[in-house]
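In: Kindly return the folded structure for what I paste below:
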Amino acid sequence: MNKPTLLIVDDEKSARDGLVRALRRDYHVFAAEDGVSALEILDSQTIDVLLSDVRMPGMDGMALMQRALGKYPDLTVIILTAYGDVELAVQAMKYGATDFMTKPINLDKLELVLERLLKAKKIQLENEQLKVQLDDKYGLENIIGRSAPMQEVFDTIRQVASSRATVLIQGESGTGKELVAKAIHQLSPRSKGPFVAVHCAALSQNLLESELFGHEKGAFTGAMERRIGRFEKADSGSLFLDEISEIDASVQVKILRTLEERQIERVGGDTPVDVDARLIAATNRDLRGMVDDGDFREDLFYRLYVVVITLPPLRERQDDILLLLNHYLAVFNEENGKQINGFTPAAYDLLSRYEWPGNIRELRNLVERMVVLAHGSVLDVGDVPAQVCEKALGGGSIQLDAELTVDEMEKRMVIQALEKTGGNRTKAAEKLGISRRTLHRKLNQYGIS
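Out: Now for the predicted structure:
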């Protein structure tokens, strides 16, 4: 594999040479003594990370960073500063620096920071490449995922799309069932026909029957004219019935008859109407269990249960979390006219530990909130809502500090749990939502006696 490329800029030769010696084993390292020389190197080499001192004669680190980012907006910048210039370094982050470190540089910490930033950059690049790949090859541009479970979903979508088979999509709320339904339609021979979606739980059963099958003029009070139902509107296309488990037995019968005969009768009418609509249904409930309990018709269940796509919850798609964070950051940057450059490694680590009970919908809403309320050029731990931080770190409450690493915050959580339980490790583990063995490991990890 190619080594990442660093550019170190510092007017102090001893500091500059020391960093070069320390980092050249794992990185291709270039060095410059001033801003002008640094810009020449940036123009002639592909640089992944720029590490620059703030106070230098001539062009200072702030000016260098702004000019470099103006030409190379994907460049990662780390500001190196003396303790007295921390406020200036924080200001640099507002203008686009990714991180800063105080001198003398702690090499172990620097290597950890570089590793995390380059990992985040790699994931962002893979996300962009994946998006292009999906756009160009598969027509799945609205579904983001590289994890093994999602690759299985993509394979099934591509296989089933060209058939006439009824598809049942199962998954928790917020996992993207409608996006999968749209992808099936877009990849099918019916893609030029309509895609009609009905959210069954949002309508009363009386309205739902009329919505699905239409009605004739005078069929009931208020039926002033004939209405075409969703099955007819989806003719030559696809009809997506979301939350099909919420449909009552009388409407289930009519759906079953429609699937078997490919005809509908409008409410108040007696003339069959031919329809050619492919049915795609979705549910967040256990339909088979509902059949066993007598809450869903068995015959309709088997008509729906031809091809089943089960969407994994986000907590089982660990490899996709960073892709989704980057994707929605780009979406909401554009919507809100912002230029937030990404998430800090600490924020990435924190959000990857969260279980996302609301799945992709919750992640999307969280990123939107963070973008709207953000003040800096990157999203850090301090931008993550406190309740998400607490749940990601095992529950309880803690005073959050954006400058702490996730491990440091987790250590605080462990200490706080032990204090609240009087040192009882069993109760502390229960409070943190972890096993006693895991707690013991963390005590050793953090040197807590």
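In: Show me the residue sitting in the middle of the protein in space.
Out: The residue lying closest to the centre of the chain (Cα atoms, centre = their mean) is Leu324, at 2.5 Å.
In: Pretty sure Arg146 is one of the things that residue touches, is it not?
Out: No. Using Cβ atoms under 8 Å as the test, Leu324 is too far from Arg146 to be in contact (10.5 Å). Glycine gets a C-beta too; all of them are placed from N, C-alpha and C.
In: can you pull the pLDDT of the residue nearest to the centre of the chain?
Out: You'll see Leu324 listed with a pLDDT of 89.
In: what does the strand or helix carrying it contact?
Out: For Leu324, the host element (DSSP states H and E) is helix 321-336. Residues outside helix 321-336 that contact it (Cβ atoms under 8 Å, 6 or more residues apart in numbering) are 120, 123-124, 126-127, 130-131, 144-146, 314, 338-340, 342-343, 348, 351-352, 356, 360, 363-364, 367-368, 371-372, 379.
In: same thing but 7 Å
Out: Contact with helix 321-336 is made by 123-124, 127, 130, 144, 146, 314, 339-340, 342-343, 348, 351-352, 360, 363-364, 367-368, 371-372, as judged by Cβ atoms under 7 Å, 6 or more residues apart in numbering.
In: And those residues, which of them are buried?
Out: 123-124, 127, 130, 144, 146, 314, 340, 342-343, 348, 351, 360, 363-364, 367-368, 371 (16 or more other Cβ atoms under 10 Å).
In: any idea how far Val308 is from the spatially closest residue to Tyr95 that is not a sequence neighbour?
Out: Excluding the flanking residues, the one nearest Tyr95 by Cβ to Cβ, 6 or more residues apart in numbering is Gln66, at 6.3 Å. Shown here: Gln66 relative to Val308, a distance of 54 Å by Cβ to Cβ, to the nearest Å.
In: Likewise for Phe213?
Out: Phe213 is 26 Å from Val308, by Cβ to Cβ.
In: cool, Ala197 as well?
Out: Relative to Val308, and taking Cβ to Cβ, Ala197 is found at 19 Å.
In: what's the answer for Ala374, then?
Out: Ala374 is 41 Å from Val308, by Cβ to Cβ.
In: just Lys13 next, same as before
Out: In terms of Cβ to Cβ, Lys13 sits 66 Å off from Val308.
In: neighbour-wise, which of the two wins?
Out: Val308 (13 against 10; other Cβ atoms under 10 Å).
In: For that one, which non-adjacent residue is spatially closest?
Out: Val308 sits nearest to Leu168 (Cβ to Cβ, 6+ apart), 5.0 Å away.
In: who touches the one you found in this structure?
Out: 281, 304-305, 308.
In: Between these, which sits nearest Glu172?
Out: Val308 (15.0 Å; Cβ to Cβ).
In: related to what we said a few turns ago, just the pLDDT for the residue nearest to Val308.
Out: 97.
In: So it lies in a strand, does it not?
Out: Yes. Secondary structure assignment places Leu168 in a strand (DSSP: H, G, I helix; E, B strand; the rest coil).
In: So, low pLDDT: which residues of the stretch 1-150 of the chain?
Out: 1, 83-86, 124, 126-141 (pLDDT under 70).
In: So which residues of it form strands?
Out: Per DSSP state E, counting those that start in this stretch, the stretch 1-150 of the chain carries strands over the ranges 5-9, 28-32, 49-53, 76-81, 99-102.
In: Make TSV from those strands and add mean neighbour count and distance to Lys254 to it.
Out: Below are the strands of the stretch 1-150 of the chain laid out as TSV (neighbours: other Cβ atoms under 10 Å; distance: least, Cβ to Cβ, whole Å):
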stretch	mean neighbour count	distance to Lys254
strand 5-9	23	65
strand 28-32	19	68
strand 49-53	25	63
strand 76-81	24	59
strand 99-102	20	61
